[in-house]
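Novice: Turn this into a structure:
(chains A and B)
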Number of protein chains: 2
Amino acid sequence: MIWFTEYQTENVGLTIKAKEVKRIKSKYQEIVVLDSYEFGKVLVLDGLIQTTERDEFMYHEMLAHPAMIQHPEPKKVLVIGGGDGGTIREVLKHPSVEEAHLCEIDEEVIFVAEKYFPTISSKLRDPKVKIFIEDGNEFLEERKNYYDVIIMDSSDPVGASEVLFQKEFYEKVKNSLKQNGIMVAQTESPFLQEEYFKKAVNEIKKVFKNVGVYVGFVPTYPAGMWSYTLASDSDDILNTNNIEKLKGLDTRYINEDIYKALFNIPEFVKEMIR
Amino acid sequence: MIWFTEYQTENVGLTIKAKEVKRIKSKYQEIVVLDSYEFGKVLVLDGLIQTTERDEFMYHEMLAHPAMIQHPEPKKVLVIGGGDGGTIREVLKHPSVEEAHLCEIDEEVIFVAEKYFPTISSKLRDPKVKIFIEDGNEFLEERKNYYDVIIMDSSDPVGASEVLFQKEFYEKVKNSLKQNGIMVAQTESPFLQEEYFKKAVNEIKKVFKNVGVYVGFVPTYPAGMWSYTLASDSDDILNTNNIEKLKGLDTRYINEDIYKALFNIPEFVKEMIR
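Specialist: Numbering: from 1, shown residues only, chains lettered A, B, ... in the order given. Next up, the predicted model:
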């Protein structure tokens, strides 16, 4: 039995009791798998919690479904990062999907997810899914005007992921989307990572015509409060037009009530992005 | 410099770096004041974080304003617990208020709040405020059919506060409310304190005709996800009739968007109280 502490900032940490800790060194990062008492299995990359069995649905549903619903008929979908497979699993709940591509830089994350997190990685070998072990930045260069929806499921904007939070990158995302395609990105905690959050939203606004920011609970992420930014050049987004697509999706967090009020965010968050 | 850890359950903790720690023993509990790097001053009772300078507005606004807005003209308001003064401060933002009573069992909490938390306790000496150092349970016996709004700002349902989460207590609250009065209670974290949450909502439903549950972010509370339960025998609640009362309230969390979608809660929380 050990206590594992994630330092969310240099001044605050989440400490978790675990039965067992496995450490794996990949080419890119240290991968830790905790078998915790409170949250089930926990995936940690370079000291930062990426996902836990108990609350992963809150993050993956809120990341994937709004963009997938806003688009009238997403057939080709790309997830950048997200090697655990949770976002792909949610994407495949939409019957319109023909191709779901996953671009993950670190193959070892996928191996670890398949070994230790079967409920999260369950759809990674679905026939509609194709996995590319590549740098997201380079991958996008090769596919112009191809995707209906692109989902940025990246880790924090430090090290390898830093480039994924900059204007130049969002321009590539835009070029890889079809006209009227939709992008969504996880954009950090507005409360404990205010500067990252504001920067990401600001960079996205420089590139896309219509941008909407929403927030949701994720208990094991910093402050338990997470932000997502949805963007498109289509004028037919940020509405509730396709809400009937939620029916039959089998979700535990997002429902019609949450979807209808998606962009209703607390005043202090609104002020940050004004 | 020290690290202070709050154990939110026996398996998970929030650890906070502090410059200084003050410990005060009162008749009822151990009161700790941390001077933290991330959250400013932090008030801790018997090891559990009650409020921090940085995120207290998120809790106090969400606890006080919905009930104060739902009631067409709250003149007499009672806060049970809440010795730090944050809820009273929010209550006094409503111009209809003539009397705001605070019933706090532990006088020492008020002294500590006035000494170390001046921005939170700022309205405790307002002429409209009257402080009663009494047990909430006994206090209610003496005032029947008196209040327009009663706000339960209690600590966790262990020890002295346990009785405040039971049907018998909510019946007393109801008897102290005028006809069509409104009660609101903090009802714990649905994610990390599921049993307390379900029990509180269930007991409240046994007593009041109309009950609404809502949730909000509070980063320093367990899971960062907090619940509030609003209840009344009036049929004119759980609507947005008086939304114009929000204007000019000077809030940083609740706004028209949040208020309109107040009872829109995630599916897994809805299922807990079905």
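Novice: List the residues that contact residue A:202.
Specialist: Counting by Cβ atoms under 8 Å, 6 or more residues apart in numbering or on different chains, residue A:202 touches residue A:273. Glycine gets a C-beta too; all of them are placed from N, C-alpha and C.
Novice: That one and chain B, how far apart?
Specialist: Between residue A:202 and chain B the computed distance is 21 Å (Cβ to the nearest Cβ, to the nearest Å).
Novice: can you pull out the helices in chain A?
Specialist: Ranges of helices in chain A, per DSSP state H, are A:56-70, A:86-91, A:107-116, A:136-141, A:167-176, A:194-207, A:256-260, A:267-272.
Novice: ok, the residue nearest to residue A:75 when sequence neighbours are not counted - how many residues close by?
Specialist: Spatial nearest neighbour of residue A:75, chain neighbours left out: residue A:98 (4.5 Å); criterion: Cβ to Cβ, 6 or more residues apart in numbering or on different chains. When neighbours are defined as other Cβ atoms under 10 Å in any protein chain shown, residue A:98 has 10 of them.
Novice: Quick check, pLDDT for residue A:98.
Specialist: You'll see residue A:98 listed with a pLDDT of 98.
Novice: distance of it from chain B?
Specialist: Taking Cβ to the nearest Cβ, one finds residue A:98 at 28 Å from chain B.
Novice: One more: residue A:46?
Specialist: 19 Å.
Novice: Spatially nearest residue to that residue (excluding sequence neighbours)?
Specialist: residue A:29 (4.7 Å).
Novice: shouldn't that neighbour be in contact with residue A:106?
Specialist: Yes - with contact defined as Cβ atoms under 8 Å, residue A:29 counts as touching residue A:106 (6.5 Å).
Novice: Correct me if wrong: residue A:39 contacts residue A:218.
Specialist: No - using Cβ under 8 Å, residue A:39 makes no contact with residue A:218, being 11.2 Å away.
Novice: of these two, who's got more company?
Specialist: residue A:218 (28 against 23).
Novice: Now do the contacts for that one.
Specialist: Contacts of residue A:218 by Cβ under 8 Å, 6+ apart are A:55, A:58, A:59, A:224, A:225, A:226.
Novice: and those, which two are the farthest apart?
Specialist: Spatial extent of these (Cβ to Cβ) is set by the pair A:55 and A:225 at 12.8 Å.
Novice: Could you identify which of the helices of chain A is most buried?
Specialist: The highest mean neighbour count among those, using mean count of other Cβ atoms under 10 Å in any protein chain shown, belongs to helix A:86-91: a mean of 28.
Novice: Do that helix and chain B come into contact?
Specialist: No - against chain B, helix A:86-91 shows no contacts by Cβ under 8 Å from any Cβ of the partner chain, the least distance being 13.8 Å.
Novice: Against which helices or strands is that helix packed?
Specialist: For helix A:86-91, the contact count by 3 or more Cβ pairs under 8 Å, 6 or more residues apart in numbering or on different chains; DSSP states H and E identifies helix A:56-70, strand A:76-81, strand A:99-104, strand A:147-153 as packing neighbours.
Novice: circling back: could you dump the helices of chain A into JSON lines and include mean pLDDT?
Specialist: Below are those laid out as JSON lines (pLDDT from 0 to 100):
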{"stretch": "helix A:56-70", "mean pLDDT": "98"}
{"stretch": "helix A:86-91", "mean pLDDT": "98"}
{"stretch": "helix A:107-116", "mean pLDDT": "98"}
{"stretch": "helix A:136-141", "mean pLDDT": "94"}
{"stretch": "helix A:167-176", "mean pLDDT": "96"}
{"stretch": "helix A:194-207", "mean pLDDT": "95"}
{"stretch": "helix A:256-260", "mean pLDDT": "97"}
{"stretch": "helix A:267-272", "mean pLDDT": "98"}
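Novice: can you put these in TSV and add distance to residue B:136?
Specialist: As requested, these are exported to TSV (distance: least, Cβ to Cβ, whole Å):
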stretch	distance to residue B:136
helix A:56-70	34
helix A:86-91	44
helix A:107-116	48
helix A:136-141	56
helix A:167-176	53
helix A:194-207	38
helix A:256-260	33
helix A:267-272	31
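Novice: ok, back up a step: now do the residue nearest to residue A:46, the pLDDT please.
Specialist: 95.
Novice: ok, now residue A:1?
Specialist: 87.
Novice: now the one 5 residues further on
Specialist: pLDDT for residue A:6: 97.
Novice: Neighbours of it, how many?
Specialist: Counted with other Cβ under 10 Å, residue A:6 comes out at 20.
Novice: Up against chain B, what does the stretch 101-250 of chain A have?
Specialist: Checking the stretch 101-250 of chain A against chain B by Cβ under 8 Å from any Cβ, the hits are A:191, A:192, A:215, A:217, A:219, A:223, A:224, A:225.
Novice: Compare the residues you listed and tell me which is most surrounded.
Specialist: In these, the most neighbours by other Cβ under 10 Å go to residue A:224, 29 neighbours.
Novice: Nearest spatial neighbour of that residue, chain-adjacent residues omitted?
Specialist: Residue A:224 sits nearest to residue B:224 (Cβ to Cβ, 6+ apart), 1.7 Å away.
Novice: circling back: any idea which of the residues of the stretch 101-250 of chain A next to chain B is closest to residue A:185?
Specialist: Nearest to residue A:185 out of those is residue A:215 (Cβ to Cβ; 13.4 Å).
Novice: Name the residue closest to the centre of chain A, please.
Specialist: residue A:153 (3.1 Å; Cα atoms, centre = their mean).
Novice: my read: that one touches residue A:85, true?
Specialist: No - using Cβ under 8 Å, residue A:153 makes no contact with residue A:85, being 10.0 Å away.
Novice: which strand residues sit across from the nearest residue to residue A:232 once chain neighbours are set aside in the sheet?
Specialist: Closest residue to residue A:232 apart from its sequence neighbours, by Cβ to Cβ, 6+ apart: residue A:182 at 4.4 Å. Beta bridges link residue A:182 to residue A:149, residue A:232 when assigned by DSSP bridges.
Novice: Can you tell me which residue of chain A sits closest to chain B?
Specialist: residue A:224 (1.7 Å; Cβ to the nearest Cβ).
Novice: any idea how far residue A:215 is from that residue?
Specialist: 10 Å (Cβ to Cβ, to the nearest Å).
Novice: Mutual contacts of these two, please.
Specialist: residue B:217.
Novice: now do the same end-to-end measure for stretch A:118-134.
Specialist: Start and end residues of stretch A:118-134 are separated by 23 Å (Cα to Cα, to the nearest Å).
Novice: And the contacts of it?
Specialist: A:51, A:53, A:56, A:60, A:84-86, A:88-89, A:92, A:97-107, A:110, A:113-114, A:139.
Novice: 7 Å instead?
Specialist: A:51, A:53, A:56, A:84-86, A:88-89, A:92, A:97-105, A:107, A:110, A:113-114, A:139 (Cβ atoms under 7 Å, 6 or more residues apart in numbering or on different chains).
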